[in-house]
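**Student:** using only what follows, build the 3D model:
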Amino acid sequence: MRTLEGSRTMLLAGAVVAASMGALPATTARAALLSPTCPTLNGSTASSSSTVSPSDGNPFLLCRYTLSNRVLSFDGTPLRVDLSLPTVPYIPPGSTTAAKPPLVIFQSGYSNDYCQFESTTLAGSTDAGCTDFIGTPGYHWNNAWFASNGYAAINFTPRGWYESCGRVLSSGYTYATDTACQAATSGHTGEKSWVHLLDRRWEVHDAQFLAGVVADAAAGTLINPNHIVATGDSGGGGPTWDEGLTQDQVVLTTSTANPSLVNTTPWTSPLGKALHLTAALPMYTWTDLVDSLLPNGTATDGFHGAPPVATFNHDNPIGVEKESYVAGLFARGVTNVPSQPLDGAQYALLPLQDPTADLPTWFAEINAGEPAFAVNPDTPTILAEVGGPLRSPYAMPIPANNHKTPSLNTQKPIFVMQGLTDPLFPGLQALTMINRLQAAHSHYPVWGFFGDIGHSYAQNPLDVWKQAHNESNGFLQAALQATSLTQLSQLFTQPTITVDTTRCLPQQTLQSYSANSFGSIATTQLTFVDAGAAQNTFNQSGGGPESLMSDPIVTGGKCVTMPSSTTDSHEAVYNFPVASPATLVGGPVVNVSATLIGSSAELAARLWDVDSSGNQTLITRSVVRLDQPPGNSTMPLSLQLWPNAWQLCTGDSLKLELTQTDAPTFRPDNEPSAMSFSGLKLTLPAVPGALCSASVAVAESPFVPALPLIPLGLGTVALLKRRRRSALH
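**Tutor:** Purely as a prediction, here's the structure:
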């Protein structure tokens, strides 16, 4: 295990990585400038083209395929596409000879468009004709960065959104009057142009098809079909995982949610050229979409006394809905939102119009809650669709070793960047997947970077994203150069896991830990035991100010800090002093004996850091679903909270809350119940010591990934920062 203090080492590393990206010196670049032209893509010519000249890099050609010239996907659905082409030769890592460039596919998050990860600077600080602010996740990870270094890059708007058969209010565009989309939705030619919730049969197939279209363009001269790179964040990150695990296969629309009936075909271009993925780099996303949106508390990494991984079952019992997030995500595609008309999506709005993507019906049935959802005949289909191998990488078959020596053809290199402060897609989403892959093959080529990134509460500090993308670029260079998994491990020597600490408090500082497994970073355990009498019986009357203020939509992308005296009387509260500074690295584990009166209940846990001034800051949380026959019974509970990397400084203490109602973050249980607790033990995996500072740190400007959420039924409209262009391009 190693540690890095501060960001100086990261910045120096960034210079080395930037040099290795193939960027030519200015004199060489001028002498070797290419003169690309915008190609025809599947019969569509570019609506416009422009040369973008970043002040910090080489110029590139930006080709826009807009409303009248969109690129038709595999089923005829028109997609809004931007293609970036380099004006300098691509020099492969380890070579001095120019070659066909790789293609980087950028896949945008849910409710985002082509603008995401499109910039006019390598640092991602300004965008290319959009009003979006690309923000810190785009540092050295955008179309300008790659095109300036000799790569081709494609950015596109997913089907069913904005000009890709969605809606854009500022221009008056709507799928309802778009004849291309109307033909698709009518079923006349078999197309379905609406949102399919990041489905391998549709959205993932679109990305694969577009890569093939670029591979065929200009007589096959634009890209190397053997060097295709997939990346994306949030709603584009799940598909990126899918592409990394699918072994260069395309899932056909005739597939069902039954894993044994998933029909695939080799990934080829429209003209039959074989295509191959070099690497997948997903960012702050899910691997199990059911566990992300309806967690039941069984997800675990298995480290440091956490429940065994074998107990992980995302739909038995059916979990607790993340109400504010699920409502907001669904609302992004609703046409008529009171007092808040929005750009947005096209859903299959007629009930049962599309059983594989019936989002309105699914949303209504999930929101019915218990016991209705559990006994609804549609529920198995919903869970199989959302949590099965068509949308959730965790349910996909693990690529096998077809040879004695593992092959890059069967095990695609993956580098995942995951948030530790992201309540929509917590760190367990990546950890459970990494553990699953490594349990099957100990040397599976997967690496993980964990830090304060992602959806709110994440702060997305620039220095953390610089480190993340310095490492991801180094990984990508190794993947492009390697001809075997053995060579890949020789070229990219970064330990499997890197973890950066969270800085919510002025005294917290940035520390970076790395090791070959997440569980080996923490070298000790802090154990806190409540030896007092059993806590009083608590019912569903809880959910006071702390529940409201710890909701990620209410906080709007910030650390949650509030007076520690704000405690609901209907919660079980435990206070523990911290004897000496330490750094939590991992998921705290709560073990408690719980007596449940009733048949269905949920138990939420929140862990706070209480400082010497009396303020408390949220460290982590989680929720568990409890089902039993009606009556009164006592059961042992073991729950792992979402992992974080958190410095506990001198004078800090811990406060643990257990509550049956944690709304609006989690939907309250419909059925009456009550609980009491005894014999509580809290265990924290930790590194002894913490480099806490006595000075006040300067906070980074927070970045909020674009999920403008409108929680229905909360009484107020909570909007996250929207990154959208002001006019149709």
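**Student:** all strands of the stretch 351-500 of the chain, in order?
**Tutor:** 414-419, 446-451, 497-500 (DSSP state E, counting those that start in this stretch).
**Student:** now do the stretch 551-700 of the chain
**Tutor:** Using DSSP E, counting those that start in this stretch, strands in the stretch 551-700 of the chain cover 561-563, 572-577, 582-586, 589-597, 600-610, 615-627, 632-640, 644-648, 653-659, 674-688.
**Student:** need the CA coordinates for the last one. CSV is fine.
**Tutor:** Read it as strand 674-688. Extracted as CSV, the C-alpha positions of strand 674-688 are listed here (Å, rounded to 0.1, in the frame of the first residue of the first chain):
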residue,chain,number,x,y,z
ALA,A,674,-42.3,-0.9,15.2
MET,A,675,-38.8,-1.8,16.3
SER,A,676,-36.5,-1.9,19.3
PHE,A,677,-32.8,-2.5,19.4
SER,A,678,-30.2,-4.0,21.7
GLY,A,679,-26.6,-5.1,21.7
LEU,A,680,-25.4,-2.7,19.0
LYS,A,681,-21.9,-2.9,17.7
LEU,A,682,-20.4,-0.5,15.1
THR,A,683,-17.2,-1.5,13.3
LEU,A,684,-15.2,0.8,11.1
PRO,A,685,-12.3,-0.4,8.8
ALA,A,686,-9.6,2.2,9.3
VAL,A,687,-6.0,3.3,8.8
PRO,A,688,-4.5,4.6,12.0
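**Student:** please state the offset of it from the chain centre?
**Tutor:** 29 Å (CA atoms, centre = their mean, to the nearest Å).
**Student:** helices or strands up against it?
**Tutor:** strand 524-529, strand 538-539, strand 572-577, strand 582-586, strand 589-597, strand 600-610, strand 653-659 (3 or more CB pairs under 8 Å, 6 or more residues apart in numbering; DSSP states H and E). C-beta: built from backbone N, CA, C; applies to glycine.
**Student:** over to the shortest one?
**Tutor:** Applying 3+ CB pairs under 8 Å, 6+ apart, one finds that strand 561-563 makes contact with helix 545-549, strand 615-627.
**Student:** and the longest one, which residues are buried?
**Tutor:** When you say that, I think you mean strand 615-627. By 16 or more other CB atoms under 10 Å, the buried positions in strand 615-627 come out as 616, 617, 618, 619, 620, 621, 622, 623, 624, 625, 626, 627.
**Student:** next: the shortest one.
**Tutor:** Buried residues in helix 545-549, counted by 16+ other CB under 10 Å: 546, 547, 548.
**Student:** need those in CSV (columns: distance to residue 678 and pLDDT).
**Tutor:** Output for the buried residues of helix 545-549, formatted as CSV (distance: CB to CB, whole Å; pLDDT from 0 to 100):
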residue, distance to residue 678, pLDDT
546, 23, 91
547, 23, 92
548, 28, 91
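**Student:** distance to residue 81 added to the residues you listed, as JSON lines?
**Tutor:** What follows is these, written out as JSON lines (distance: CB to CB, whole Å):
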{"residue": "546", "distance to residue 81": "46"}
{"residue": "547", "distance to residue 81": "43"}
{"residue": "548", "distance to residue 81": "42"}
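**Student:** tell me the helix or strand right after the helix or strand hosting residue 147.
**Tutor:** With secondary structure defined by DSSP states H and E, residue 147 is part of helix 143-148. Once helix 143-148 ends, the next helix or strand along the chain (criterion: DSSP H and E) is strand 152-156.
**Student:** tell me what that next one is packed against?
**Tutor:** strand 81-86, strand 103-107, helix 143-148, helix 203-220.
**Student:** residue 238 belongs to a strand, doesn't it?
**Tutor:** No: judged by DSSP: H, G, I helix; E, B strand; the rest coil, residue 238 forms no part of a strand; its state is helix.
**Student:** nearest to residue 348, of the helices and strands packed on strand 152-156?
**Tutor:** helix 203-220 (14.0 Å; CB to CB).
**Student:** state the mean pLDDT of that closest one.
**Tutor:** Mean per-residue pLDDT for helix 203-220: 98.
**Student:** on that earlier part again, okay, the helices and strands packed on strand 152-156 in TSV with mean neighbour count and distance to residue 495 next?
**Tutor:** Listed next are these as TSV, based on neighbours: other CB atoms under 10 Å; distance: least, CB to CB, whole Å:
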stretch	mean neighbour count	distance to residue 495
strand 81-86	26	32
strand 103-107	27	25
helix 143-148	30	25
helix 203-220	22	30
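**Student:** can you lay out these as a markdown table showing distance to residue 577?
**Tutor:** Shown next, in a markdown table, are these (distance: least, CB to CB, whole Å):
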| stretch | distance to residue 577 |
| --- | --- |
| strand 81-86 | 55 |
| strand 103-107 | 47 |
| helix 143-148 | 47 |
| helix 203-220 | 50 |
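**Student:** give me the residue at the spatial middle of the chain.
**Tutor:** Closest residue to the average C-alpha location of the chain: residue 285 at 1.6 Å, with CA atoms, centre = their mean.
**Student:** now do the contacts for that one.
**Tutor:** By CB atoms under 8 Å, 6 or more residues apart in numbering, the contact list for residue 285 reads 232, 233, 234, 235, 236, 237, 238, 240, 241, 418, 425, 429.
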